[in-house]
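A.B. asks: based on what follows, work out the 3D shape:
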Amino acid sequence: MQALQLFGDRDLRLSEVEAPPPPGPGEVRVRVRAVGLNFIDVWGFRGMAFAKRKLPLTVGAEAAGEIAQVGEGVEGFAAGDPVVMYGAQTCGHCRACREGRDNLCEEVAGVMGFHIDGFAREFVTLPARLVVPVPNGVSFTDAACAPIAFGTVQHMLFDNARLEPGESILVHAGGSGIGTAAIKMAKAIGCTVFTTVGDDEKGAKAAALGADHVINYRDERFEGEVRRLTRRKGVDVVFEHVGPDTWNGSLLCLKRGGRLVTCGSTSGVSTTMNLMQLFQQQYRITGSFGCSIRNIRDSLGKMAGGLVPVVDTVYPLADFAKGLERLESRKVFGKILVAL
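C.D. replies: Below is the predicted model:
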């Protein structure tokens, strides 16, 4: 079968590899149909893996497909069923896994496509417990945005930030895959949404999604605009994933007792902050990585209800690297996907 493999930094090749074995007890074999691209793919492409990995490595951390074969003892799945796959190989038996906190697995083998072989291949065999059914009416390309993009946002906003209807939120990088999802999810519960973008074209698109206040950070200091628009009160929640370039400005945007949730650091890995400001203003800062299988189910449910991802571009498998380059260029608005 064909698989897209990383042989070294920025060296992706479409290779012929052995097909996975037939599913054993408790396993399913999935025919992959669509792969979503994320910044974790860019980090791997650049050689920024923060754990050991063996090359060549099949890439792709987020995907949807259909059941090709079920193993002994598997119930609830049949050949042809559309599904998405969880993006990490969890153990399934530690306390976190038993409690449904899959992204806190104590014995995780790694993130698919980053530490261990991922989904950019024709077939994959994996435990049925890591597969989630896709509701009727949800396309493969939309579903492929659920395991990381939508699931991450669902976990950030509602498990960690505890966003409530009617609150205010600042969403950074409103044109990104998770930024567009965050705008739509927050507006769906009646929140007032502030967002940052890098150009006016993205700003118009973000406003069309429902953002109430769009700030071009190249023209204005976003923290000054947020404080002006909120009459210096600040927002309830900041949705962070940029890192050092926006971190301290994000804290200035929070109201007293506000919550900041972060899942990324695309502008660097370290920063400094005012600790007196942190405790005097009683900020609550939460790190968030990935999501649970429950978050993926909830995300698919929202898609089935009409809250669908914003898709920027769909590439064929052979052009996976072009998709990464587009994502890296920050010219994207929404999600980039690869169709198999």
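A.B. asks: and the residue nearest the centre of the chain, which of the three is it?
C.D. replies: Geometric centre of the chain, nearest residue: Ala149, 2.6 Å, by Cα atoms, centre = their mean. Look at Ala149: counting by DSSP: H, G, I helix; E, B strand; the rest coil, its state is helix.
A.B. asks: low-confidence bits of the protein, can you list those?
C.D. replies: Low-confidence segments of the chain (pLDDT under 70): 49-51.
A.B. asks: which residue packs closest to Asp245, ignoring adjacent ones?
C.D. replies: Ser267 (3.9 Å; Cβ to Cβ, 6 or more residues apart in numbering). (C-beta placed from N, C-alpha, C; glycine too.)
A.B. asks: just the element for the one you found, please.
C.D. replies: For Ser267, there is no enclosing helix or strand under DSSP states H and E.
A.B. asks: list the contacts of stretch 315-326.
C.D. replies: Stretch 315-326 has contacts (Cβ atoms under 8 Å, 6 or more residues apart in numbering) with 2, 4, 10, 12, 14, 35, 37, 41-42, 45, 59-60, 120, 312-313, 332, 336-340.
A.B. asks: tell me which entries of the residues you listed lie within helices.
C.D. replies: If you go by DSSP state H, the contacts of stretch 315-326 have Asp41, Val42, Phe45 in helices.
A.B. asks: for stretch 211-219, list every residue counted as buried.
C.D. replies: By neighbour count with 16 or more other Cβ atoms under 10 Å, stretch 211-219 contains the buried residues Ala211, Asp212, His213, Val214, Ile215, Tyr217.
A.B. asks: what's near enough to touch the closest residue to Cys263 other than its chain neighbours?
C.D. replies: Using Cβ to Cβ, 6+ apart and skipping the chain neighbours, the partner closest in space to Cys263 is Ser288 (4.6 Å). Residues in contact with Ser288 (Cβ under 8 Å, 6+ apart) are Thr152, His155, Met156, Asp159, Asn160, Val261, Thr262, Cys263.
A.B. asks: ok, now with 7 Å
C.D. replies: Neighbouring residues of Ser288 by Cβ atoms under 7 Å, 6 or more residues apart in numbering: His155, Met156, Asn160, Val261, Thr262, Cys263.
A.B. asks: include neighbour count when you put these into TSV, please.
C.D. replies: As requested, those are exported to TSV (neighbours: other Cβ atoms under 10 Å):
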residue	neighbour count
His155	24
Met156	28
Asn160	18
Val261	25
Thr262	22
Cys263	21
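A.B. asks: ranges for the helices of the stretch 201-340 of the chain?
C.D. replies: 222-229, 247-253, 275-280, 293-304, 320-329 (DSSP state H, counting those that start in this stretch).
A.B. asks: equivalent analysis for the stretch 1-150 of the chain, please.
C.D. replies: 39-46, 95-98, 140-143.
A.B. asks: ok, which of those helices comes nearest Phe194?
C.D. replies: helix 39-46 (22.1 Å; Cβ to Cβ).
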